[in-house]
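Asks: Would you be able to build a 3D model of this:
(chains A and B)
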Amino acid sequence: MQDRIRNFCIIAHIDHGKSTLADRLLEATGVKLRVQLEQVLDQMELEREKGITIKAHPVRLEYRAGDGETYILNLIDTPGHVDFTYEVSRALAACEGALLVVDGTQGVEAQTLANAYLAMDLNLDLIPVVNKIDLPNADPEKTKKEIEETLLLDSRETILASAKEGWGTEEILEAVVHKIHPPSGNQNAPLRALIFDSHYDPYKGVIAYVRIVDGSVKVGDKIKMMGTDLDFEVMEVGHFRLGMIPQEALETGEVGYIAANIKSLSETKVGDTITSAESPAKAPLPGFRHLKPMVYCGLYPTNNEDFPALREALQKLSLNDASIIFEPESSPALGFGFRCGFLGLLHVEIVQERLEREYDQKLVATAPSVVYRVYLRDGSSVEIDNPAKFPSPEQVDHIEEPYVRAIILVPQDYVGPMMELAQNKRGVFKNMEYVEGGRVILTYELPLADILFDFYDQLKSYSRGYASFDYEFLEYRKTDLIKLDILLNGKPVDALCYILPQEKAYEQARKIVTRLRKSIPRQLFEVAIQGAIGGRVIARETIKPMRKNVLAKCYGGDVTRKMKLLEKQKEGKKRLKQVGNVEIPQEAFLSMLKIDREE
Amino acid sequence: MKPLSVYVHIPFCLRKCSYCDFPSFPAPMPLISDYLEALKVEIELYREFLSLREVETIYFGGGTPSIINSEELLSLLDLIIPEKQRENKEITLEANPGTVNFLSLKELRDGGFNRISLGVQSFLDSELSLLERIHTSKQAFEAFEMAREAGFSNINLDLIFGLPGQNLGDFLPSLEAAVKLAPEHLSLYCLSLEKGTRLWTRVQSGELDSPSDETVARMYQKACQAMSLNSYEHYEISNFARSGYRSRHNQVYWHYGEYIGFGLEAVSFHDGIRRGNTGKIEQYIARARERKSPVSYQTGKKGASALQEEAVLHLRTSDGFREDELAQKYPEAFPAFKKKLEDLREKGLLLENNGQWHIREEHFFVSLEIMAQLL
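Replies: Residues are numbered from 1 along each chain as shown, chains lettered A, B, ... in the order given. You can find the predicted model right below:
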């Protein structure tokens, strides 16, 4: 049976048609309902709105191939964003092959490359597919050449398809059967199952999504998580169809799920290996690492009394998202809140939106920060994820910050602006490569901090939307950084301080205080905004006091309408955070993200 | 007998002004007569209620009540309050300077109206045409003189400032002219551009520019100074009066007193309930023909939200409110409210003097900001 299993996934850039193609494959193998498909592949409302897949959802298909045999095809969907690269790599590790889908009107993009490189590193069989060939502006031949040049894949192997029209679906299924090799595990070896995803079910506990690499697992087996060294008893195993279908056992090469009364997602880490508790495997599967958050920010309730509600919301949210970590912190300016760690900026955005939408929290989020490694004069070192906690300059020996390797794919005409942008962001040029169709692959090493601050939006505007971009963590590097304090009416506001590169401190400080002046509404009194380094003020702006906010007329017939107006103003105030005696809107905390765009 | 105020709405004018979003429009004669008939029916429906109350003030507003002939206006007045009960009552008529003549003013004064409010708005003809007023500044001066001669010893002038394109220098002549005429009362309104009005559209399209908040605030400040120098009390955000000439009628609104509104879209407030009449004139007339009430909605606030509303209305006036009165009236809601009051006092945004709370004059022009913190 093992030789009739094919495990594969689809790699594509955002909007290149991954979901539509998946739908076609499901339909062609007898799964018909569109509504249900959406339920399977795009569970979260947010995923649909952002047009991305956050969680990976596998589906088991049965396909009767041209050779008359029926094959089990496990389609494992992958998250489509750089923040979730590790999850992508684990999903890929559960497969033997991948469909590399490229939009025939757009060509290869940075994300296509990044994910294809990941797949190649894992020795996956790649099947290139040029999609959207039904569109009049599609150029399949050019796209084929691009794939060949950038990824060294034989263009004769490339399948032309239109997922929308259903063209090429059969050919793709045949290629999956014949070009992707079957799983190679040893049926008689001790159990080794790779966890490539999981979700929390309120009745069954954590559901681990697994690929059985060696051996088999059945209900009642005692299992062990090799990374966390925790033992469980298997309550249920099964396959993924439209829902979860219980089975007696999962055999070598199969994809399915295991439920074992696991209480918390942190006990089943993505990438970990499940083995038998009684006869454990000698070594876990390669590649497991503890996911460390790359980006931190403070989340505070707008109203201090809502702190317990926010804690509860975060706890509930983390049941379904093991990658978010949070611990209470307090800020003189913002009161009690949480310092939260995320995989990346999009992840921050998603969590914030879910807290507001699904849990009805009114939040203030502080500017995102990377984790700095600060080496002190006394020889010790600390990791700082909150600029407010930065040690004072005289204690510091030197500082390291995280760098990433970034790939930027851009039409030749925009190379100049792209290099300028990367330069502005303290980028170190590494490589430039011309590809078919007048495009260029730029490789840069960039400080992650600079990518957090508006890099993506600027990338799009510098290239009129043509550039695409992907990155991966590289290393920590020593750089010259200083802390900029922001003072409102003479009082430092911890939640508004920033870590800046020394050489840009003055320029950035001026921009930040200007931006703050624009984003903080007028108050009933004058507000002075100062930027200071180590007690020395280097930038200053003043917000003039509010001069007019009045209802000129209010007589008998107006009272109801005028009171509604007043209530509306009150509602507006609820979105402001009281810091000292100054009321600050959420945007002010994110000023840093916007300065470059405006100046 | 409990005091009561009465408002009568005349929703007609010769031409709608460019800034007006009130229920008012030009209308053909037959519609006006039908409306006046309906108005009489509505007043009749309240005959018993009125007889149980001491009607203290009456206000004919609009629209332009002065386009109705004096005989009709007086017959409405007779229905509300018999002639022999009018002593010491305040009976106001709103009038457009472009619609008055000496004879009718005299008839109205002799017939019982003892206060007149003239909608002058500006003494600059260019501004009057921007506002699409039907009168000139000359007519405004004449109307004032006529009213005096007709025997009105309590006159109010309405002025508007903060017009698109207006600067401080444009506003001062109107202010001076008003002060020179020495009315007993002056209402000085900062223009509020209401969505859908012609003036709003012109500003919206970029054709006209509204003055900055700074400029408008300076106009207001200048006016406050000038009025004070000329012995007017600044007794409400937009109202100034010589001693003894505060508008008794309007104070009822701000003091959370009780009133009945007759006419299209008019609002009544008594026994804790706010009722509003229909805003559709055909419906208003049809209801009257069936001798049915034209009320189309009613709301009542209780507890904290009633307290907030009452306090906010009081705070429009320089006197504000007495703490003990509100504490007694809202025993449950008051303690929490008191915390907010104290917080605002701490910040210097409310003043308290022997249990009397108020907003200082310098803060009137940002009073909404302060009031919002009381909700």
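Asks: for residue B:317, what are its contacts?
Replies: Residues near residue B:317 by CB atoms under 8 Å, 6 or more residues apart in numbering or on different chains: B:235, B:236, B:251, B:254, B:255, B:358. To be clear about C-beta, it is placed using only N, CA and C from the backbone, and glycine gets the same treatment.
Asks: no wait, residue A:122
Replies: Contacts of residue A:122 by CB under 8 Å, 6+ apart are A:89, A:92, A:93.
Asks: you'd agree the last one is up against residue A:194?
Replies: So the one you mean is residue A:93. Yes - using CB atoms under 8 Å, residue A:93 is in contact with residue A:194, at 6.1 Å.
Asks: where do the contact lists of the two overlap?
Replies: Shared contacts of residue A:93 and residue A:194, defined by CB under 8 Å, 6+ apart, comprise A:211, A:271, A:285.
Asks: In terms of model confidence, name the weakest of the residues you listed.
Replies: Checking pLDDT across the shared contacts of residue A:93 and residue A:194, the minimum falls on residue A:271 at 88.
Asks: Counting neighbours, what do you get for the nearest residue to it once chain neighbours are set aside?
Replies: Distance criterion CB to CB, 6 or more residues apart in numbering or on different chains; nearest residue to residue A:271, sequence neighbours excluded, is residue A:288 at 4.2 Å. Neighbour count for residue A:288, taken as other CB atoms under 10 Å in any protein chain shown: 18.
Asks: With residue A:195 as the reference, measure out to residue A:288.
Replies: Noted for residue A:288: a distance of 9 Å to residue A:195, by CB to CB, to the nearest Å.
Asks: same question, residue A:540
Replies: 54 Å.
Asks: Between these two, tell me which one has more neighbours.
Replies: Legend: neighbour count by other CB under 10 Å for residue A:540 and residue A:195, higher for residue A:195 (24 against 15).
Asks: The host helix or strand of the more buried one: how far from the chain's middle?
Replies: In this assignment (DSSP states H and E), residue A:195 forms part of strand A:192-201. Here strand A:192-201 is found 18 Å from its chain centre; the criterion is CA atoms, centre = their mean, to the nearest Å.
Asks: which element follows that strand toward the C-terminus?
Replies: Next element after strand A:192-201 (DSSP H and E): strand A:205-214.
Asks: which strand in chain A runs the most residues?
Replies: Scanning chain A for the strand with the most residues, using DSSP state E, yields strand A:396-411.
Asks: so what does it touch, helix or strand wise?
Replies: With contacts taken as 3 or more CB pairs under 8 Å, 6 or more residues apart in numbering or on different chains; DSSP states H and E, strand A:396-411 sits against helix A:110-121, strand A:372-376, helix A:415-424, strand A:439-447, helix A:448-452, strand A:468-479.
Asks: just those: most buried one?
Replies: Sort the helices and strands packed on strand A:396-411 by mean neighbour count, taking mean count of other CB atoms under 10 Å in any protein chain shown, and helix A:448-452 sits at the top with a mean of 23.
Asks: what mean pLDDT does that helix have?
Replies: 88.
Asks: Show me the helices in the stretch 151-300 of chain A, by range?
Replies: Here the stretch 151-300 of chain A has its helices, by DSSP state H, counting those that start in this stretch, at A:169-179.
Asks: In it, what residue comes closest to chain B?
Replies: In the stretch 151-300 of chain A, no residue comes nearer to chain B than residue A:300, which is 20.8 Å away by CB to the nearest CB.
Asks: which residues of the stretch 151-300 of chain B score low on pLDDT?
Replies: Judged against pLDDT under 70, the stretch 151-300 of chain B has no low-scoring part.
Asks: Can you pull the residues of it lying near chain A?
Replies: When proximity is defined as CB under 8 Å from any CB of the partner chain, the stretch 151-300 of chain B approaches chain A at B:189-192, B:213-214, B:216-217, B:237-238, B:250, B:252-254, B:259, B:261, B:265-267, B:269, B:274, B:276, B:299.
Asks: From those residues, keep the buried residues only.
Replies: Buried by 16 or more other CB atoms under 10 Å in any protein chain shown: B:189-191, B:213, B:216-217, B:237-238, B:250, B:252-254, B:259, B:261, B:265-267, B:269, B:274, B:276, out of those.
Asks: among those, which are in strands?
Replies: B:189, B:190, B:259, B:261, B:267, B:269, B:274, B:276.
Asks: Which member of those residues is positioned nearest residue A:15?
Replies: Distances from residue A:15 to these, taken as CB to CB, are shortest for residue B:190 (50.9 Å).
Asks: The residue lying closest to that closest one once chain neighbours are set aside: neighbour count?
Replies: Among residues not flanking residue B:190 along the chain, residue A:552 sits closest, at 4.3 Å (CB to CB, 6+ apart). The local packing of residue A:552 (other CB under 10 Å) involves 17 other residues.
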